[in-house]
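Colleague: just a sequence and a predicted model for now, questions to come.
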Amino acid sequence: MVQPISRQGVVDALVARLRADVLAERYPPGAYLPPERDLAARYGVTRTSLKHALVRLVETGLLETRHGVGTRVRDYKRDAGADLLPFLVAEAGPDWLAEIFQARREIGALVAAAAAEHATAAQREHLRTLVDDVRAAPTTDVAQQAECAVHRTLAAACRNRVYALLVNSLLRAYDEVRHLFAAPFADPVAAAARLAGLVAAVAAGDRRAAHAAAEAYYVETERLMLAQPAE
């Protein structure tokens, strides 16, 4: 039985519930959702709330509405974009992690190389400051957040807006399960030392060294993350 949704934040909650059901293929790609009256009753909401939720899911590309026919589930693996990654990680968890780590390594190295070539003096200095922030972080979570700021700064410095958007999506996906991958940041001083080589290569403007340093950094942090026992 589907549990009814409470009145508080009903549209947001309904969007989340429907999105989870679509991603879990409880409504498989190509299938039509039940008629609105039945679907609203199933989730314990009004048809007005349901209509608002469906509109939002159509906008994300998960659903499509055909006038006079109904609402059809789209194949997100073919039609969706990287903005769906955080929800896929939240719903499917480990099934997506290997591919996310691969993208993290490959895109991250390209971003670092481009940042080495294009970063401004202010961005290079900010990267050094962020390494200091990681080193001085009072908690593991603060160290993780400071490390994420390094990647956002590299993305901003690379002067490729597509890379920057992809980095945003990867970081959002990571943020959903950040607590599961805290091992590399348990010792902030060691975490900062691992970052220092990458930042130094970018700050020096050495594109090749930055690419290699980024690859090494991502491989090592991935090793530490995957070695951490699941909580």
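Modeller: Received, thanks.

Colleague: can you mark which positions in stretch 167-176 are buried?
Modeller: Residues of stretch 167-176 classed as buried under the neighbour-count rule (16 or more other Cβ atoms under 10 Å) are Val167, Asn168, Ser169, Leu170, Leu171, Arg172, Ala173, Tyr174, Glu176. Every residue, glycine included, has its C-beta placed from N, CA and C.

Colleague: what residues are up against the most centrally placed residue in the chain?
Modeller: With distances taken as Cα atoms, centre = their mean, Ala173 lies nearest the centre of the chain, 2.1 Å away. Applying Cβ atoms under 8 Å, 6 or more residues apart in numbering, we find Ala173 in contact with Leu85, Pro86, Leu88, Val89, Trp96, Ile100.

Colleague: can you flag which of these belong to helices?
Modeller: Using DSSP state H, Leu85, Pro86, Leu88, Val89, Trp96, Ile100 are the members of those that sit in helices.

Colleague: most surrounded residue in the residues you listed?
Modeller: Using other Cβ atoms under 10 Å as the neighbour criterion, Leu85 leads those with 23 neighbours.

Colleague: surely that residue is in contact with Val167?
Modeller: No - at 11.4 Å, Leu85 does not count as touching Val167 under the criterion of Cβ atoms under 8 Å.

Colleague: name the SS class of the residue of the chain most remote from its centre, please.
Modeller: The C-alpha centroid of the chain is most remote from Gly68, which lies 36.1 Å away (Cα atoms, centre = their mean). Taking DSSP: H, G, I helix; E, B strand; the rest coil as the rule, one finds Gly68 in the coil state.

Colleague: check which element follows the helix or strand harbouring Ala122 along the chain.
Modeller: Taking DSSP states H and E as the criterion, Ala122 maps to helix 121-135. Once helix 121-135 ends, the next helix or strand along the chain (criterion: DSSP H and E) is helix 140-157.

Colleague: so in the chain, where's the weakest helix or strand by average pLDDT?
Modeller: When each helix and strand of the chain is scored by mean pLDDT, DSSP states H and E, helix 85-92 comes last, with a mean of 71.

Colleague: closest one of the ones in helices among the contacts of Ala173 to Ala115?
Modeller: Proximity of the ones in helices among the contacts of Ala173 to Ala115 (Cβ to Cβ) peaks at Ile100, which lies at 20.8 Å.

Colleague: that closest one contacts Leu171, correct?
Modeller: No - look at Ile100 against Leu171 with Cβ under 8 Å: they stay out of range, at 10.7 Å.

Colleague: tell me the domain boundaries of the chain?
Modeller: The chain breaks down by automatic domain parsing into domains covering 10-79, 82-227.

Colleague: which elements pack onto the strand or helix carrying Ala193?
Modeller: Using DSSP H and E, Ala193 maps to helix 188-203. Applying 3 or more Cβ pairs under 8 Å, 6 or more residues apart in numbering; DSSP states H and E, one finds that helix 188-203 contacts helix 94-118, helix 121-135, helix 140-157, helix 207-227.

Colleague: could you rerun that using 6 Å?
Modeller: If contacts are counted by 3 or more Cβ pairs under 6 Å, 6 or more residues apart in numbering; DSSP states H and E, helix 188-203 sits against helix 94-118, helix 121-135, helix 207-227.

Colleague: list just the one of these that sits closest to Arg152.
Modeller: Using Cβ to Cβ, the nearest of these to Arg152 is helix 121-135, at 9.3 Å.
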